[in-house]
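S.K.: fold the following, please.
(one chain, ligands or ions: 1)
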Amino acid sequence: MVLSRPPSDTDVSVHSTFASRYVRSSLPRYRMPESSIPKEAAYQIINDELMLDGNPRLNLASFVTTWMEPECDKLIMASINKNYVDMDEYPVTTELQNRCVNMIAHLFHAPLGESETAVGVGTVGSSEAIMLAGLAFKRRWQNRRKAEGKPFDKPNIITGANVQVCWEKFARYFEVELKEVKLREGYYVMDPEQAVAMVDENTICVAAILGSTLNGEFEDVKLINDLIDRKNKETGWDTPIHVDAASGGFIAPFIYPELEWDFRLPWVKSINVSGHKYGLVYPGIGWCVWRTKEDLPDELIFHINYLGADQPTFTLNFSKGSSQVIAQYYQLIRHGFEGYRNIMENCHENAMVLKEGLEKTGRFNIVSKDQGVPLVAFSLKDSTRHDEFEISDMLRRFGWIVPAYTMPADAQHASGRSSAAPSPSASSSTSTWSCASSTRYPRPRSRHPPCCRRRCPPTPSPWPTGTSTRRRHASSLCLPTRPTA
Ligand SMILES: *Cc1c(COP(=O)(O)O)cnc(C)c1O
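M.R.: Numbers count the residues shown, from 1 in each chain. Predicted structure coming up:
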């Protein structure tokens with residue numbers, strides 16, 4: 001597609017940036033171009049196209065870290081070319097990961113002696129951590145059932161209907177039935193009594209969430225533990241608990257130290273946390289820690305030696321970057337307990353200021369709780385004239401990205417919530433509000449902002465609309481013109 005006069009063939013260096021032939025013809029989207037272009041042109045074209053993305057610092061849609069100190073940015077860039085899996089080649093990076101695992105395990109009160117090392121692993125995020133924890137539970141349950149000569153083909157897992165989508169993924173990919181405790185109007189987390197009542201001999205674990213995705217609320221892990229304890233004693237089963245502390249794992253230890261949700265409770269056998277949420281690291285890092293070595297079946301651990309010495313690994317993928325591990329270590333030693341506490345306190349205070357401001361308008365119901373992930377989830381009291389999706393759209397015009405989403409079935413007519421919370425990064429004095437992730441974007445948007453140059457129509461997705469519950473960016477950001485390249 002020629003956009004204007006055919007460019008002349010003179011030396012690229014004489015053309016001004018926006019008149020060279022590289023910016024005057026359309027960009028290929030399906031096939032790799034035949035010939036090369038200068039690096040400056042490639043940079044300019046891509047950098048300009050990326051300007052249409054949202055601004056991460058104004059993105060309140062997930063709990064993920066959007067700012068780190070320049071010193072840490074330097075460490076990240078210096079290690080961006082290190083493959084984490086080359087442990088023999090980069091032993092110090094491996095050592096830093098192990099230190100992080102130990103620090104996090106202690107933070108979660110793992111029952112470790114002074115000289116004992118913790119059992120855990122760095123992952124790409126909580127999703128990978130949850131797959132690993134789930135696999136360990138499934139394998140342990142199967143081993144026990146086999147030993148007892150009982151069938152082991154119908155494992156199930158108990159969660160609330162508010163679970164993050166990665167649990168549904170785990171269940172589908174690894175063939176475990178997901179038994180969801182229904183929510184009800186005004187109660188948006190898993191009910192401990194109902195959850196434990198649903199446990200049967202095929203239950204591989206009960207997954208509790210410390211920081212529900214929908215409204216940041218902490219589930220009552222202590223009560224679940226006490227109920228499970230009673231049920232296990234009555235039945236002779238040993239149904240364990242996993243805590244999905246993706247967002248709350250770096251909050252509770254600092255601002256709710258008395259809250260018992262972690263390895264202080266005997267039936268909690270593994271915990272995951274996202275390093276890239278309140279762990280204060282850029283996206284790409286999570287952690288899974290197990291209570292003891294016995295909770296992680298040996299046969300799930302692979303030993304590789306072709307990169308050098310024998311290295312035990314338990315991850316889903318092989319290669320990955322090292323930067324995030326190093327950045328997590330930086331945050332842990334840079335801030336220390338005191339620093340994390342100050343940041344989390346500040347996030348909490350920010351959330352309270354936002355909540356009070358919203359309440360003062362008299363127009364909103366607050367759906368989040370004061371104790372929980374520092375975020376504010378709210379709905380409109382009166383949505384006869386406007387709904388939460390319109391508020392989200394309006395805020396987007398000013399650059400703010402605040403998600404609107406519906407609650408799961410059974411709590412459905414509380415539908416359409418917008419949430420906002422202080423970003424962990426806001427601690428350093430800016431007024432950035434971040435967060436409140438939402439897993440559900442049920443309404444594809446019909447209006448298209450007048451963006452997009454003619455040369456970047458959206459690449460159509462091969463998936464029919466509706467296979468994803470998320471609002472699809474391709475349809476909300478770009479003009480739906482026909483592809484040309
Ligand atoms: C964010 C989140 C996840 C998924 O974590 P990632 O680190 O994004 O993979 C899982 N569970 C809960 C409760 C979450 O908040």
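
S.K.: does residue 129 touch residue 276 like I think?
M.R.: No - Residue 129 is not in contact with residue 276 according to Cβ atoms under 8 Å; the separation is 11.6 Å. Quick note: C-beta positions are derived from backbone N, CA and C, even for glycine.

S.K.: now do the shared contacts for these two.
M.R.: Contact criterion Cβ atoms under 8 Å, 6 or more residues apart in numbering; residues shared by residue 129 and residue 276: residue 286.

S.K.: which of the two has more neighbours?
M.R.: residue 129 (32 against 26; other Cβ atoms under 10 Å).

S.K.: so when I look at that one, I'm seeing a helix, right?
M.R.: Yes - counting by DSSP: H, G, I helix; E, B strand; the rest coil, residue 129 is part of a helix.

S.K.: now residue 409, nearest residue through space, not along the chain?
M.R.: residue 161 (7.3 Å; Cβ to Cβ, 6 or more residues apart in numbering).

S.K.: next up, the contacts around that neighbour.
M.R.: Residue 161 touches 180, 181, 182, 183, 190, 408, 409, 410, 411, counting by Cβ under 8 Å, 6+ apart.

S.K.: now, those residues that are in strands?
M.R.: 180, 181 (DSSP state E).

S.K.: closest to residue 336 among the contacts of residue 161?
M.R.: residue 190 (33.4 Å; Cβ to Cβ).

S.K.: and for that closest one, the neighbour number?
M.R.: Using other Cβ under 10 Å: residue 190 sits among 27 other residues.

S.K.: which residue comes closest to it once chain neighbours are left out?
M.R.: Once chain neighbours are set aside, the closest to residue 190 by Cβ to Cβ, 6+ apart is residue 160, at 2.8 Å.

S.K.: and the biggest helix by length in the chain, what's buried?
M.R.: Taking DSSP state H as the criterion, the chain has its longest helix at helix 323-360. Using 16 or more other Cβ atoms under 10 Å as the test for burial, helix 323-360 gives 323-332, 335, 339-340, 343-344, 346-348, 350-351, 354-355, 358.

S.K.: residues of the protein that sit close to the ligand?
M.R.: Residues of the chain lying near the ligand by Cβ under 6 Å from any ligand atom: 125-127, 164, 166, 209, 211, 213, 244, 246-247, 274, 286, 437.

S.K.: switch to 8 Å and redo it
M.R.: For the chain, the residues in contact with the ligand (Cβ under 8 Å from any ligand atom) are 62-64, 124-130, 163-167, 209-213, 244-248, 272, 274, 276-277, 283, 286, 437.

S.K.: just the buried ones among these, please.
M.R.: By 16+ other Cβ under 10 Å, the residues of the chain next to the ligand give 62-64, 124-130, 163-164, 166-167, 209-213, 244-248, 272, 274, 276-277, 283, 286, 437 as buried.

S.K.: in a strand, residue 273, correct?
M.R.: Yes - the assignment for residue 273 by three-state DSSP puts it in a strand.

S.K.: correct me, but it touches residue 279?
M.R.: Yes - using Cβ under 8 Å, residue 273 is in contact with residue 279, at 6.5 Å.

S.K.: neighbour-wise, which of those two wins?
M.R.: The neighbour count for residue 273 versus residue 279, taken as other Cβ under 10 Å, is higher for residue 273 (31 against 25).

S.K.: contacting residues around that one?
M.R.: By Cβ under 8 Å, 6+ apart, the neighbours of residue 273 are 104, 126, 129, 245, 246, 249, 250, 279, 286, 287.

S.K.: excluding its backbone neighbours, what's nearest it?
M.R.: residue 249 (3.1 Å).

S.K.: next, count neighbours for that neighbour.
M.R.: So residue 249, with other Cβ under 10 Å, has 29 neighbours.

S.K.: distance from the chain centre to stretch 255-268, please.
M.R.: 22 Å (Cα atoms, centre = their mean, to the nearest Å).

S.K.: sorry, that was for stretch 183-201
M.R.: 23 Å.

S.K.: all helices for the protein, in order.
M.R.: Counting by DSSP H, the helices of the chain are 39-50, 70-78, 91-107, 126-147, 165-173, 192-198, 221-235, 252-255, 323-360, 388-397, 473-477.

S.K.: could you dump the second one to CSV, C-alpha only?
M.R.: Pointing back at helix 70-78 there. What follows is helix 70-78, C-alpha atoms only, in CSV (Å, rounded to 0.1, in the frame of the first residue of the first chain):
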residue,chain,number,x,y,z
PRO,A,70,16.9,3.7,38.6
GLU,A,71,19.6,1.7,40.5
CYS,A,72,17.5,-1.4,40.1
ASP,A,73,16.7,-0.6,36.5
LYS,A,74,20.5,-0.6,36.0
LEU,A,75,20.8,-4.1,37.5
ILE,A,76,18.0,-5.3,35.3
MET,A,77,19.6,-4.0,32.1
ALA,A,78,22.9,-5.4,33.1
